[in-house]
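# What would the 3D arrangement of this be:
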Amino acid sequence: MGSFKRSDRVAEAIKREVSELIARDVKDPRVHFSTITDVELTDDLRFAKIFVSVMGTDQEKGETLEGLTHAMGFLRSELGARIRLRFTPEIRFVLDRSLDNAFHIEELLKGLKTEAEPPKNKRPGRRKAAPKTPPKDAP
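Have a look, this model is predicted:
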């Protein structure tokens with residue numbers, strides 16, 4: 001069995017609980033299209049950085065972060081009630097751009113693939129035969 005730090009286990013519990021709280025209990029409509037992708041927790045369990053992925057425009061992403069920041073006190077108090085810790089960690093929301101980066105890389109790879117494809121009417125690997133020299137006419 002693998003050895004996991006306590007902070008890793010608590011981070012997973014925070015991720016699960018915050019996801020559930022956002023989906024069910026937060027009434028702010030700005031935050032409902034967000035997904036918690038990861039939680040980084042310090043070893044002393046005092047500070048949690050919660051990564052949020054949001055589909056939409058940059059304006060919608062900003063509004064979602066504002067909504068989450070507005071609900072931060074509620075989320076922290078609910079976390080304290082649901083997860084029994086001596087200290088409830090301070091939470092900070094960070095926009096997770098890994099999904100945007102993945103889409104960008106996928107588009108680049110698609111562009112490379114279309115550039116690398118040979119034309120449809122020619123078969124790769126075959127050369128045109130050299131033109132035959134006409135036979136010399138015998139006198």
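
# Low-confidence bits of this structure, can you list those?
1-3, 116-135, 137-139 (pLDDT under 70).

# 80 - rerun?
1-4, 98-104, 112-139 (pLDDT under 80).

# Would you map the helices across it?
Secondary structure of the chain (DSSP state H): helices at 6-24, 58-70, 72-82, 98-116.

# buried stuff in the third one?
Of all the residues in helix 72-82, those buried under the rule 16 or more other Cβ atoms under 10 Å are 75, 78-79. Yep, even glycine has a C-beta here, placed from its N, CA and C like the rest.

# Export these as a markdown table, with columns for distance to residue 97.
Below are the buried residues of helix 72-82 laid out as a markdown table (distance: Cβ to Cβ, whole Å):
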| residue | distance to residue 97 |
| --- | --- |
| 75 | 22 |
| 78 | 27 |
| 79 | 25 |
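
# Looking at those residues, spot the one nearest residue 93.
Comparing the buried residues of helix 72-82 against residue 93 with Cβ to Cβ places residue 75 closest, at 9.3 Å.

# How about residue 67, nearest residue that isn't a chain neighbour?
Distance criterion Cβ to Cβ, 6 or more residues apart in numbering; nearest residue to residue 67, sequence neighbours excluded, is residue 30 at 3.4 Å.

# Would you mind listing the residues in contact with the most centrally placed residue in the chain?
Among the residues of the chain, residue 99 comes closest to the average C-alpha position under Cα atoms, centre = their mean, at 3.1 Å. By Cβ atoms under 8 Å, 6 or more residues apart in numbering, residue 99 lies in contact with 37, 53, 55.
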